[in-house]
Each structure stands twice: as structure tokens, then as C-alpha cells.
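>>> Whatever this is, show me its structure:
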Amino acid sequence: MSWRVGVNFQPNDDTLVYGNISRGYKAGLIPVVFAFTPSQLAPVSQEKLTSYEIGTKLSLMDRRLQLNASAFYYDYVDKQFLTYTTVPLIGPVNAIVNIPESDVKGFDIEVIALPTEGLTLNAALTYVKTEVGTYMGIGAAGNPIDFSGKEFNFAPSISATASAEYRTPVSDGLVAVFGANMLNNSETYADLGENPDARLPSYTIFDLRAGVEADEGWYANFFVRNAGDKYYWTTVFNGGDTLVKMAGLPRTYGVSAGITF
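I've put the predicted structure just below:
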């Protein structure tokens with residue numbers, strides 16, 4: 001049974017302090033992996049998460065500056081992880097397993113500013129420390145590994161975003177919109193055990209956009225994603241006797257348009 005308990009305290013119109021405790025589940029599944037043996041397709045049981053969070057939301061400078069901050073602790077039971085198992089005569093192959101205990105500690109901060117008419121600035125940062133509990137498993141080389149105390153895969157310790165948007169009228173009923181976004185992820189790993197071969201280096205990418213919006217509901221935008229043409233990896237996996245690294249999209253241009261009713 002899922003549940004949630006929370007308490008809010010609002011000492012004034014511009015300040016909110018809150019605390020939440022909640023329980024949730026992720027359904028069990030049958031792994032979708034390239035399988036050599038039936039054991040790779042053995043059902044994985046549901047995972048259970050108990051979440052603890054405290055935080056505050058502050059409106060400052062006559063509500064031209066919004067500050068949101070929270071700290072959290074996630075306690076997992078039987079969390080589902082993508083890792084490896086071994087197949088005789090073949091070696092290590094992908095598998096999804098339940099790890100009995102693991103947890104996440106962290107905090108996030110978000111700042112939203114309206115410094116001038118039409119300009120909105122936003123910045124956010126999340127820090128997490130992930131940790132596997134006591135668990136013995138198989139590494140990418142097919143060797144037994146003690147994963148106890150290791151960080152989660154695909155879990156950068158720092159993720160940061162920033163954006164800026166400027167809106168200005170250009171005629172009656174027509175607004176020009178200019179924007180930019182930034183995403184930064186710190187180093188992480190595509191495999192449990194912090195295997196150096198599965199390391200995903202930190203990267204930063206920028207997106208740009210410009211367009212118009214009409215009061216009648218139509219809009220048109222030109223965008224550039226990964227404007228700096230940053231080369232980065234999204235995952236690394238063992239493909240038998242080959243280490244496969246998947247790259248993120250290069251610089252991409254495009255146009256979007258639509259109408260709302």
C-alpha cells in the first residue's frame with residue numbers, strides 16, 4: 001500500500017516550510033534484455049521506497065526572486081538494478097537484479113529570478129550520494145565483486161540546469177521569445193561497481209531558441225540543441241568481447257511550429 005504524510009508551516013505569505021514522508025513501489029517485471037539463457041529472464045520482484053523530505057519555499061524581493069530548497073533521504077528495499085550475470089561458455093551478460101538494501105541522500109536548490117520586465121532566469125542544482133547496501137554480484141568482466149558501499153549506476157552526484165528567457169512585444173498580439181538552456185551532469189558510471197571501463201565523464205551542453213508567439217494561439221520557433229557540439233556518452237555496455245559506448249546527439253538544428261486552441 002502506498003501512502004504519504006506531510007506537514008506544512010507558513011509563518012507568512014512569502015514563506016513555506018514543509019516535511020513529507022511517503023511510501024511507494026515500483027512494479028516487478030520480466031527483464032527486457034538480450035538473453036542467452038532463461039535465467040536472464042527470471043522475474044524481478046517489486047522495489048519499495050520510503051522517502052523522507054524537508055524543505056522550504058521562499059518568495060523574496062517583492063516576489064521577484066523565488067528560492068526553493070529541500071533535503072531528502074530515500075530508503076530502498078529490493079531496488080531493481082541493471083548489472084551482469086554469467087553464462088557458461090559465453091561469459092558476462094546483462095541482467096536485472098534486486099539488491100536488498102540501498103539508499104540515496106541529497107539536496108536540491110532552485111532559484112527563479114525576474115530581474116527586469118520580460119526576463120526570467122532559472123537555475124537549479126541537485127546533489128546526491130547514492131550507496132548500495134551489502135551485496136555480492138558479477139562485474140562486467142564476469143568476476144565476483146562486492147558492490148557494498150558502491151554508488152548507483154547512471155547517478156551523477158551533481159546535476160545542474162540553468163535557463164534564461166526573454167519575451168518582448170514586437171507588434172499588437174505578437175511576442176518575440178529568446179531562450180537558452182544549460183545542462184551539466186557530473187561523472188557517473190554505466191555499471192555498478194564503479195568500473196573504470198564503464199565511466200561516463202562529466203559534460204555540459206547548451207541549447208538555444210528564438211521564435212514568436214501570437215495571441216491567436218500560434219507559435220513558431222527555431223532551435224539549436226547541443227549548440228557547442230559537445231561529444232559525450234550516454235551509456236557504456238559490454239557487447240561480448242566489445243565495449244560499446246553510445247554517444248549523445250551532436251549539434252542539431254530545427255524548427256517547430258504549432259497552434260493551440
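
>>> Which secondary structure state does Tyr18 sit in?
strand (DSSP: H, G, I helix; E, B strand; the rest coil).

>>> List of residues touching stretch 48-68?
13-26, 69-79, 109-115 (CB atoms under 8 Å, 6 or more residues apart in numbering). The way it works is simple: take the backbone N, C-alpha and C, and place the C-beta from them, glycine included.

>>> What about Ala247, how many residues nearby?
10 (other CB atoms under 10 Å).

>>> unless I'm mixing things up, it is touching Tyr232, no?
Yes - Ala247 lies in contact with Tyr232 (CB atoms under 8 Å); the separation is 6.9 Å.

>>> In a helix, Asp197, correct?
Yes - counting by three-state DSSP, Asp197 falls inside a helix.

>>> in the stretch 1-150 of the chain, which ranges drop under the pLDDT threshold?
Scanning the stretch 1-150 of the chain for pLDDT under 70 picks out the ranges 34-36.

>>> Mind doing that once more with 80?
Across the stretch 1-150 of the chain, the ranges flagged by pLDDT under 80 are 31-42, 87-94, 140-142.

>>> Report the strands that pair with the helix or strand harbouring Asn181, each with its relative direction.
In the assignment (DSSP states H and E), Asn181 maps to strand 174-185. Strand 174-185 pairs in its sheet with strand 158-171 (antiparallel), strand 203-214 (antiparallel), by DSSP bridges.

>>> just those strands: most buried one?
strand 203-214 (a mean of 16; mean count of other CB atoms under 10 Å).

>>> For stretch 221-232, measure first residue to last.
End-to-end distance of stretch 221-232 (CA to CA, to the nearest Å): 26 Å.

>>> Can you give me the buried ones in that stretch?
Buried residues in stretch 221-232, counting neighbours by 16 or more other CB atoms under 10 Å, are found at 221, 223-227, 232.
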